[in-house]
Structures are given as C-alpha cells and as structure tokens.
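>>> need coordinates for the below:
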Amino acid sequence: MPSPSVKVALAQINVTVGDLAGNADRIIAQARQAHAAGVDLVVTPELALCGYPPEDLLLRPAFLAACGVQLQRIATELADLAGLHVVVGHPMAREDGVARERSWSLPPCLNAASVLTGGHVTQTYAKRELPNYQVFDERRYFYSGRDAGLGPVVFDVRGLKVGLLICEDAWFDEPAAAAQAAGAEALCVINASPFHIGKVAEREERMAERARASGLPLFYAHLVGGQDEVVFDGASFAMQADGTLAARAPLFEEALAVVEVDVATKHLSGAIAPEPEFEAQVWQALVTGVRDYLGKNGFPGALIGLSGGIDSALVLAIAVDALGADKVRTVMMPSPYTADISWIDARDMAERLGVRYDEKSIVPEFDAFLGTLADEFKGLPLDATEENIQARIRGTLLMALSNKFGSIVLTTGNKSEMATGYCTLYGDMAGGFAVIKDVAKTLVFRLARWRNAQGAEIIPDRIITRPPSAELRPDQKDEDSLPPYPVLDAILALYMEQDQSIAEIVSAGFKPEDVERVTRLIKINEYKRRQAPVGIRITHRGFGRDWRYPITSKFRA
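Numbers count the residues shown, from 1 in each chain. Next up is the predicted model:
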C-alpha cells in the first residue's frame, strides 16, 4: 500500500492593514476552499489577520484585543471542518499587561502564529528573531518569543509533525534547531517579506540552505499585495529536504498553492510557477503598488500630468495596467517652452491607451505670476525661480482637479531626480502617490522598452529616444544640470543602495568631480524628499522607511 500523504495549502492572500474582519473572512474562505479540495493544513502569511506592517496600531490595546476576537471567530467558524488545521499569523498582547499600561519601556506584544483546529486555538508560537533593518522596525513593537520564555511549537497533522517558524526565524539556525529537537519533521514558515529586486531568488536560496542544514522539508507561505510603500510579491514555495525547489506559487497574485507530502519519505510534490524575468517583476510590483494603494484607500481614479516625456509616459502605462483606462485621466499643461513634439507625443500616447486627455495652457497663469513679481525681479536674470513657478502652476492645477473630483495625483519623479533634487517642491512633487520614486532613470528607459515589447507599442518611440528635458527654459536638457544618467545612476546605486564610500566609488573608475557632485546633491536635497509623497519601494534601499538621514547636518565624507 502507498504511504499516507498530507496536503498542505499555502494561502497566498492579499490582506489590508487594520481590516480585521475582512482579513478574517478571507482566511475563512481560503480554509473552506482548501478543505473542499482535501487539504489537511492551511498556512497563512505572517500577521495575515491584521496585515503587515501594522506599525503603531500595535501600540493600541483596542487593536490587539480586536485581533484576539477575530482569531477566535476564525476558529469557531471553521469548527465544522473536521481534521483541518489552520495556521494564522497575528499579533498577541503580552500577558504581563504592558500593552494595557501603554508602556514605552517594553514592546507591547508578540508576533505570533496560532494553530486552529476543531474550533479552538490549540497552540501559539511567538517569533524569536526580530528584524530591525531596512523597512523593518519590529523591536519597536514586538517582544521576542525567546525572551518571553516561549519555546518551539510542533503539531501533528495526520502523522506529520510540523514545526512553526515566522519569517526571520528561518534565516537563523537556532529556531529551526529548536523545532527539530522538539520533534519537527517539516518546517512551516509564515512570512511578510517585502519585495525588492532580487528578493525572490534570495529567499529561495536562503530557505534551501535552511532545509539542507536541518535535513527537513520546508513550506514558505508569503503575503501578496501593496501596503503603502512596500509591495509583497507572493511566490510562496516549498523546498525538499535537500534544498531543491518542490513548488512555487505565482508572483503578484493571490493563490492557494497545494503541496502534497509523503509522510513516510517526506518527499514533496507540487506545481512550480515560473519566475518572471527582471523587468516583468519590477513592472508587476509597480502595478500592484498602484492598484492596491488606490483600491485599499478608496480613490476612484488617478490623475497624471502628461508632459510628453518618458517619466510621465511610464507612469501612465503603469496606471492603465493597474486600474484600467477608464479610471485614469491625463492633463497636458504646456508652457512657453513646451516643444511641439511634446504636445504631439502626449496626445498620441493618450490616444493609444484610450484615456481621457485634456490640454490646459499655463501661459496666462505664468504671465500673471511674472507680472505680479515684476517689481521684485526687476534687473535680475531668469533662473530656476521662473522654472519652478511653471512647475508649481501645474501642481496647483492638478491638485485642484484632485480636490474637486477625488482622483489622486500620481507624481512622475524618478529615483535619480529625487536623489539629486531635480524636482520642484509643490510643483512636480505635488501629489498623493509617487509611482516611480524608487526607479532610477536608466531603469525607466529599460521598463519603457520592455513594456512596448509585450504587444502593442503603447509608448511612442520618440518619447523613449529623445533627450530628456524638463522644458522649463529654452533648449533645456537634463544633462545640462546633471551628470549623464548612466553615470549618475551608477554612483547613486553604489553610494545610496550599497553604502560604498566616496573613495571606493572613485576607485571603481568614476571621476572624483562626478562623485562629489552627486553625493553633495543627495545630501542637500534631503529636505525635499522628506516632503515628497510616499512611493513604491522596489530596491533594497529606497528613499523612505529605510533611508533616515538628518536634514540638518554638517558632516561630509
């Protein structure tokens, strides 16, 4: 007779922070669907009940209490599903009353995973390793399960003994070793691991190492969807004990990935979804970020200032893929310096995508500003002041339309511009969501070409090939004010993302004057970035949660 098997479902779900009842409903629906398919164990992601990251909501006793109520509701509503075990990630208030006392001296809660079966919460595990780097700030909120004196959790599913781990736990030896010592025959890892370029492969490599080190097969259940500036890519997976990939769920979509385990041999069987190419992953991350930011916050649509340049063209293409053409409106706002080809290309792209397109000249407003300031500016040369006035007129018009009709303004500044301050406060920085804030200019071009290769050419070729220009003065080109983008972006990546020193960057072959110029611009424009809208993070270090430099600082390397 064949040996018995256990079916494990990785519930790759898109939850919303704070929507406790809605998230619980989603977990219940996934569990019922899995049970109908003969599944024995359903695994949800880290903090699936409350969403990740809940940030300072965790400091509210009412929030933690509500999570407890919903956890019990899930257990009760699944009581009729005989034999089914469900692992739910959730926060849990400390038993010593710290949360109720609102003490800032100790974290108020535990990052927990509970096993639900037969209508009850039967066991609860608390995360032991708390990340406190990049976008993670878990030591602000969570008390380690190790420090709380809580041991490993191993539970039996039809003869298979499963040990629980939570995300960062699986990157260290001790938690897995403790589970194994307690009798675990397989590791179940629940996760909320934000996407960045290269993260999918990195996770799988590290979990393959964990499987080999322990000699145990491993299940990895992961979140999918956007939450403010972070995006979760899904790609839940399972590893054989020898570290080979046994299953992978699709990226950037909800899924219920079923893995079958032979109880005798511990061999895993499942479907392996392909890993998309680099550009496809970045594109899907940006589309997911836009769709969920607008959808979860209730915005009816998006509003974009379309200039005829590549940045706004890319943002428009992403927005249409995320929302549909009917929810995107574009406005072209020509100034005295707008080239005819910019009008032509902007109209052309809007027509190709089928979005609403309007033209509203800012010449009258620009003339009015200059008239009002004529006495103040008399005898002074034109400079960035007049350029910024044009950008701020456009920002004011876009925000007026946003206020009147409810659509959110998507800003179009890229990472290269945000780094160097090549953007205008209350001008092109005005808006609610910065789609390509973490996309360097060289990657902007790469994504535009990739998207055009996926079918119909939606971005006119001239938008991609013409030299970038803000068109705020005659014959203006970006490279009049900045180093060439390949040089700028390379220095930016080394300095900002990889934390290399100026000396190291120069030794890599870059001109000292270029390195000095770029790093100086990064420093002096911190005040602008602090006032920029939140935007999607796609690199392992974006300007936002994981970039915390003082505005007022005299230090220069």
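>>> all contacts plus neighbour counts: C-alpha atoms, from now on.
Noted.
>>> got a list of what the closest residue in space to Leu306 that isn't next to it in sequence touches?
Among residues not flanking Leu306 along the chain, Met332 sits closest, at 5.0 Å (Cα to Cα, 6 or more residues apart in numbering). By Cα atoms under 8 Å, 6 or more residues apart in numbering, the contact set of Met332 is 305-307, 343, 346, 357-361.
>>> that's a strand at Val42, yeah?
Yes - under DSSP: H, G, I helix; E, B strand; the rest coil, Val42 sits within a strand.
>>> per-residue pLDDT of Ala108, please?
No, residue 108 isn't Ala; it's Pro. On the pLDDT scale, Pro108 is placed at 83.
>>> one more: Asp478?
Looking at Asp478, its pLDDT reads 62.
>>> same thing with Ala532?
The score at Ala532 is 94. That number is its pLDDT.
>>> and for the one 4 residues further on?
As summarised for this prediction, Ile536 has a pLDDT of 97.
>>> now do Ser3
Ser3 carries a pLDDT score of 66 in this model.
>>> mind checking the SS state of Leu314?
Classified using three-state DSSP, Leu314 is helix.
>>> can you report how many residues neighbour it?
23 (other Cα atoms under 10 Å).
>>> skipping its backbone neighbours, what lies nearest it in space?
In space, and not counting its chain neighbours, Leu314 is closest to Ala448: 6.2 Å by Cα to Cα, 6+ apart.
>>> for the helix or strand the one you found falls within, the averaged confidence score.
Using DSSP states H and E, Ala448 maps to helix 441-452. For helix 441-452, the mean per-residue pLDDT is 97.
>>> what residues does that helix touch?
With contacts defined as Cα under 8 Å, 6+ apart, helix 441-452 is touched by 279, 283, 310-311, 314, 414-416, 457-459, 464, 485-486, 489.
>>> pull out the buried members of those residues.
279, 283, 310-311, 314, 414-416, 457-459, 464, 485, 489 (16 or more other Cα atoms under 10 Å).
>>> in TSV: these, plus distance to Pro512, secondary structure and pLDDT.
Listed next are the buried ones among the contacts of helix 441-452 as TSV, based on distance: Cα to Cα, whole Å; DSSP: H, G, I helix; E, B strand; the rest coil; pLDDT from 0 to 100:
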residue	distance to Pro512	secondary structure	pLDDT
Glu279	32	helix	97
Trp283	34	helix	98
Ile310	30	helix	96
Asp311	29	helix	96
Leu314	32	helix	98
Asn414	24	coil	96
Lys415	22	helix	97
Ser416	19	helix	96
Glu457	40	coil	94
Ile458	40	coil	96
Ile459	37	coil	96
Ile464	30	helix	93
Tyr485	16	helix	93
Asp489	15	helix	96
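>>> and Ala430, helix, strand or coil?
On the three-state scheme (three-state DSSP), Ala430 is labelled coil.
>>> for the nearest residue to it once chain neighbours are set aside, grab phi and psi.
Closest residue to Ala430 apart from its sequence neighbours, by Cα to Cα, 6+ apart: Gly395 at 5.4 Å. Phi and psi for Gly395, reported as degrees, to the nearest 10, are phi -60, psi -40.
>>> wait, Gly395 sits on Cys423?
No - the pair Gly395 / Cys423 is not scored as a contact, 11.8 Å apart, by Cα atoms under 8 Å.
>>> where do the contact lists of these two overlap?
Met429.
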